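[1] Requesting a structural model of the entry that follows:
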Amino acid sequence: MFDTLLPLGSHERFHTSDVDVARSQVGRAFCAHDLRVVGRSARLDARMHGVAFGETGLFYLDYGAEVMITPGALEAFYLVQIPLAGAAEITCGRAQIVSTPQRASVPAPTDPLAMHWGSGNPQLIVWIGRAALEDHLAKLLGRSPKAPVRFHLGMDLTTPAARSWLGVVDLLRREADNAGGMLGQPLILKQLVGLLTTQLLLAQPHNFSPALHAEQSRVAPPAVRRAMEIIEGHAAEPLTVEDVAEAVGVSVRALQEGFRRHLETTPVSYLRVVRLNRVRAELTAAAPGTTTVTDVAYRWGFFHPGRFAIAYKEQFGEHPSQTLRD
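    Residues are numbered from 1 along each chain as shown. Okay, the predicted model is just below:
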């Protein structure tokens, strides 16, 4: 799925043959660790590209040689390490796997980690702050987790759920190299980061998976009405379903079930309709030559002109440019 020719190429952090420089720079991005090149004649050719947005980041790391990496317990963050070629032996606590392009590694932050990356083993790494992931899980569950999230160490990247998650990763990676693209828009960035975290929690088994997939209690109509009010009052903000569920005091899945049962829609669809109505109101009130359809659509979180135009016509029976002209 991924282009292995220097992903995140516009975000180079370093390129060096010096082990101490590589150790220091990778440590600055992640955490302090021991780095050792395997083989006396081996020569390091290390490079890192990376971009961070809030409590999430994407990194490309290639040591260009066989190395041993020993960071110990990560503590403050989660990593999903995706080999683009080659293989790595990953040991985390008592668990051990061989990671390949078909099998990522997701180390538990509370267990000691040791890794043996083979030569020719560049990896794309998703970094998520531990507090951010656990807070996101709390919103999905409707309660705070009482223990750290412990993912299974090996992530099968061939499953449909994992491939869907990889699609979000790939979108973020491509947009990170697209200056002035979607990641510069707070509305869409928050939604993408939330989707990345939600799909990881649903795709990769962990100790809270049974609770996430359990049947949810029903949400009463007053809670649905309150959610509708929140959406309508904050539609111009980078609002997510998780935000709405937290404000109402229910889990995300319970809120989604409530919207389906009482409104025959979803919170995301309801938010989209509210934003479409706000766009139509602005286009209707705009004086000729004072604005463009694109400007108004972007202001309300629509960043794909083609998809926006289709959704607008389906909702109102005309193209947005017709509304602006009339």
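
[2] give me every residue that touches Gly120.
    85-86 (C-beta atoms under 8 Å, 6 or more residues apart in numbering). C-betas here are computed from N, CA, C, even on glycine.

[3] Can I take it that it is in a helix?
    No: Gly120 is assigned coil when assessed by DSSP: H, G, I helix; E, B strand; the rest coil, not a helix.

[4] so what pLDDT did it get?
    On pLDDT, Gly120 comes in at 94.

[5] Against Arg280, how distant is it?
    54 Å (C-beta to C-beta, to the nearest Å).

[6] ok, now Val193?
    28 Å.

[7] Which of the two has more residues huddled nearby?
    Val193 (22 against 18; other C-beta atoms under 10 Å).

[8] The residue nearest to the spatial centre of the chain is in what secondary structure piece?
    Relative to the mean C-alpha position of the chain, the nearest C-alpha, by C-alpha atoms, centre = their mean, is the one of Leu196, at 2.6 Å. Secondary structure assignment for Leu196, by DSSP states H and E: helix 186-203.

[9] Can you give the contact residues for that helix?
    With contact meaning C-beta under 8 Å, 6+ apart, helix 186-203 is reached by 53-56, 80, 126, 128, 132-133, 136-137, 140, 149, 155, 159, 161-162, 164-165, 168-169, 171-172, 175, 182-183, 208, 212, 237-238, 240-242, 252, 301, 303.

[10] How about Gly118, nearest residue that isn't a chain neighbour?
    Excluding its sequence neighbours, the residue lying closest to Gly118 (C-beta to C-beta, 6 or more residues apart in numbering) is Gly86, at 4.8 Å.

[11] so that neighbour touches Val98, yeah?
    No: Gly86 lies out of contact with Val98 (C-beta atoms under 8 Å); the separation is 10.5 Å.

[12] And those two? Which one has more around it.
    Between Gly86 and Val98, Gly86 has the larger neighbour count (other C-beta under 10 Å), namely 17 against 14.

[13] Who are the contact partners of Gly50?
    8, 11, 13, 29, 57-60.
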